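A.B. asks: Sharing a model that was predicted from the sequence below.
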Amino acid sequence: MRRLFGPLAALLVSAVAAHALTLHFAPAVIMDRAMAALAERGVALHAFTRPQRVTPQSQQVVRSSPDLYYALCRYDLGAEGSRLTVMMGAWPDYQSLAFFDAQTDNFATLRGTGRAVSVRLLPPGSTPAAGAIVSPSARGVILIRRLAPDAARFAAAVRAGEADACRLETVSG
């Protein structure tokens with residue numbers, strides 16, 4: 001029995017270390033691949049991309065809800081003095097503005113049912129300011145969801161999406 005203790009302990013330590021490393025590094029790898037896939041699909045950097053209606057044929061990774069309008073904006077706040085101004089136009093039904101960092105974490109979600117929402121996204125390490133959110137990473141994705149359960153509501157959501165904005169700004173000093 002004593003001869004087995006050493007190898008079993010080494011195996012257990014190795015398994016725990018491999019598990020911990022996977023949990024630590026997997027989200028960044030997943031987000032890097034997602035950001036590259038979004039870029040290949042034409043999702044703009046610092047601009048919301050007008051979505052197509054979700055169908056089983058349009059799904060590549062995750063089964064999105066066919067009842068929702070989705071608009072995406074990739075962002076990169078790595079340049080000195082950069083920040084993002086994000087605006088979500090008014091919509092009478094459910095809508096949300098969700099922010100995801102480079103680790104795939106949803107670090108902020110704002111609801112805007114019946115009203116427009118405007119917020120400034122600041123780079124990591126920034127001092128929080130009124131009406132602003134500090135991103136935990138320089139890169140990430142912003143997602144707008146609007147309830148649009150049929151073709152007519154989806155068309156209306158597309159029109160409402162014309163008021164959406166995701167603009168990079170650079171401030172000096």
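C.D. replies: Ah, there it is.

A.B. asks: Now Ala102: closest residue in space, sequence neighbours ignored.
C.D. replies: Among residues not flanking Ala102 along the chain, Ser137 sits closest, at 3.7 Å (CB to CB, 6 or more residues apart in numbering). (C-beta placed from N, C-alpha, C; glycine too.)

A.B. asks: Ramachandran coordinates for that neighbour?
C.D. replies: Backbone torsions for Ser137, taken as degrees, to the nearest 10, come to phi -140, psi 160.

A.B. asks: Got the confidence number for it?
C.D. replies: Predicted confidence (pLDDT) for Ser137: 94.

A.B. asks: what's the answer for His24, then?
C.D. replies: For His24, the model assigns a pLDDT of 65.

A.B. asks: Count the residues that sit near Leu11.
C.D. replies: Leu11 has 10 neighbours, counted by other CB atoms under 10 Å.

A.B. asks: Can you tell me what sits against the strand or helix carrying Ala157?
C.D. replies: Assigned by DSSP states H and E, Ala157 falls within helix 151-161. Applying CB atoms under 8 Å, 6 or more residues apart in numbering, the contact partners of helix 151-161 are 48, 50, 53, 69, 71, 89-91, 93, 144, 146-148.

A.B. asks: So which of these are in strands?
C.D. replies: If you go by DSSP state E, those have Tyr69, Ala71, Ile144, Arg146, Leu147 in strands.

A.B. asks: which two from those residues end up farthest apart in space?
C.D. replies: By the measure CB to CB, Ala71 and Leu147 form the most distant pair in the ones in strands among the contacts of helix 151-161, at 13.4 Å.

A.B. asks: would you say Leu21 is within a helix?
C.D. replies: Yes. Under DSSP: H, G, I helix; E, B strand; the rest coil, Leu21 sits within a helix.

A.B. asks: where's it relative to Ala15, distance?
C.D. replies: Noted for Leu21: a distance of 11 Å to Ala15, by CB to CB, to the nearest Å.

A.B. asks: same thing with Ala156?
C.D. replies: From Ala156 over to Ala15 the distance is 53 Å, taken as CB to CB.
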